[in-house]
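Novice: Below are the sequence and a predicted model; questions follow.
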Amino acid sequence: MLYGNESISHYTRSNICIWMLMAMQAGILNIGGFMACHRFVSHVTGFATFFGHEVSQFDFEMALGMLAVPLFFLFGAMISGLLVDVRLKLHKKPKYYISFGMIFFLSAVVAIGGLLGYFGVFGEPLRQSRDYTLLILLCLICGIQNGTITTVSRSVIRTTHLTGITTDLGIGLSRILNYRKLEKEIAFDGELKANLMRLGIITFFGLGSVIGGFAFSLLGHGGFVIPVVTSGVLFWTMYYFQVLVPRKLQ
């Protein structure tokens with residue numbers, strides 16, 4: 001993944017480090033959105049639920065807001081699809097560094113906007129348009145991140161929410177427990193590695209939530225500086241290996 005190769009090895013050391021760091025980053029972003037606006041930013045199901053609730057209360061303005069925000073998660077996934085999935089299908093090198101660069105830029109916009117007071121008081125009720133702007137930016141970030149990693153891992157890894165990956169883990173564990181019956185159908189080593197990876201994603205997402213919980217409690221919007229740092233490290237690493245190193249070899 002570091003070099004943007006079309007042939008993707010799931011469990012190289014560099015890929016594992018990238019995926020775990022992104023899972024931790026997603027945990028921080030999610031708890032940041034929850035503590036700032038009382039919504040989980042990568043939980044599209046939750047937005048659909050809130051939409052139904054607001055309609056039942058005849059609060060159509062809030063309902064439209066709840067419907068509009070997750071569309072930016074979809075938009076982010078589409079952006080990653082153009083930069084990664086479509087290029088892989090065309091047998092071209094995916095532009096991971098642009099995806100990570102966009103995540104870095106948008107995270108910086110969130111952190112700077114929060115520190116400058118653009119998003120209002122941290123933790124205020126979700127009513128102002130500026131709160132929706134914050135949610136939109138966070139959903140866009142998560143959509144780009146999740147789309148990128150879902151493609152590169154061939155849908156084995158998702159880093160911004162845990163419902164799918166927990167389901168995959170449950171299925172994977174049942175396969176491991178029944179391996180003797182399924183030994184002709186599955187590769188034990190591959191299934192074991194996939195399950196360990198899923199456990200790692202869940203653990204690092206939880207770790208990010210804990211770190212974010214302390215950071216946002218102390219710093220308010222300043223807590224978003226942490227995903228700026230993590231996404232910045234990932235972006236510059238990708239840019240170095242995918243752009244600068246090939247230039248040096250020419």
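Specialist: It's in. Numbers count the residues shown, from 1 in each chain.
Novice: Low-confidence ranges, this structure, go.
Specialist: 1-10, 42-45, 126-128, 151-161 (pLDDT under 70).
Novice: longest single helix anywhere in it?
Specialist: Criterion DSSP state H: the longest helix present in the chain is helix 188-219.
Novice: following it, which helix or strand shows up next?
Specialist: helix 225-239 (DSSP states H and E).
Novice: Quick check: buried residues in the longest helix of the chain?
Specialist: Using 16 or more other CB atoms under 10 Å as the test for burial, helix 188-219 gives 191, 193-195, 197-198, 201-202, 204-205, 208-209, 211-213, 215-216. C-beta coordinates here come from the backbone N, C-alpha and C atoms, glycine included.
Novice: Kindly report the same for stretch 172-181.
Specialist: For stretch 172-181, by 16+ other CB under 10 Å, it's Gly172, Arg175.
Novice: From the chain's centroid, how far away is it?
Specialist: 29 Å (CA atoms, centre = their mean, to the nearest Å).
Novice: which residues are in contact with that stretch?
Specialist: Around stretch 172-181, the neighbours that count as contacts under CB atoms under 8 Å, 6 or more residues apart in numbering are Leu182, Ile186, Phe188, Glu191, Leu192, Ala194, Asn195, Arg198.
Novice: how about 10 Å then?
Specialist: Residues from elsewhere that reach stretch 172-181, judged by CB atoms under 10 Å, 6 or more residues apart in numbering: 156, 165, 182, 185-188, 190-199.
Novice: before we move on, the earlier item: counting by contacts, list what the longest helix of the chain packs against.
Specialist: helix 13-37, helix 163-177, helix 179-182, helix 225-239 (3 or more CB pairs under 10 Å, 6 or more residues apart in numbering; DSSP states H and E).
Novice: With just CA atoms, put the third one into PDB.
Specialist: By that I understand helix 179-182. What follows is helix 179-182, C-alpha atoms only, in PDB (Å, rounded to 0.1, in the frame of the first residue of the first chain):
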ATOM      1  CA  TYR A 179     -12.300 -25.800  10.900                       C
ATOM      2  CA  ARG A 180     -12.100 -29.600  10.800                       C
ATOM      3  CA  LYS A 181     -15.500 -29.600   9.000                       C
ATOM      4  CA  LEU A 182     -14.500 -26.800   6.700                       C
END
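Novice: Tell me how far it lies from the chain's centre.
Specialist: The answer for helix 179-182 is 34 Å, by CA atoms, centre = their mean.
Novice: and what of stretch 123-139?
Specialist: That offset, for stretch 123-139, works out to 18 Å (CA atoms, centre = their mean).
Novice: Can you mark which positions in that stretch are buried?
Specialist: Using 16+ other CB under 10 Å as the test for burial, stretch 123-139 gives Leu126, Asp131, Tyr132, Thr133, Leu134, Leu135, Ile136, Leu137, Leu138, Cys139.
Novice: what's the answer for stretch 59-69, then?
Specialist: With burial defined by 16+ other CB under 10 Å, the residues of stretch 59-69 counted as buried are Met62, Ala63, Gly65, Met66, Val69.
Novice: could you redo the buried residues of stretch 123-139 as a markdown table and give each row secondary structure and distance to Arg247?
Specialist: Shown next, in a markdown table, are these (DSSP: H, G, I helix; E, B strand; the rest coil; distance: CB to CB, whole Å):
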| residue | secondary structure | distance to Arg247 |
| --- | --- | --- |
| Leu126 | coil | 46 |
| Asp131 | helix | 43 |
| Tyr132 | helix | 41 |
| Thr133 | helix | 37 |
| Leu134 | helix | 37 |
| Leu135 | helix | 39 |
| Ile136 | helix | 36 |
| Leu137 | helix | 32 |
| Leu138 | helix | 34 |
| Cys139 | helix | 35 |
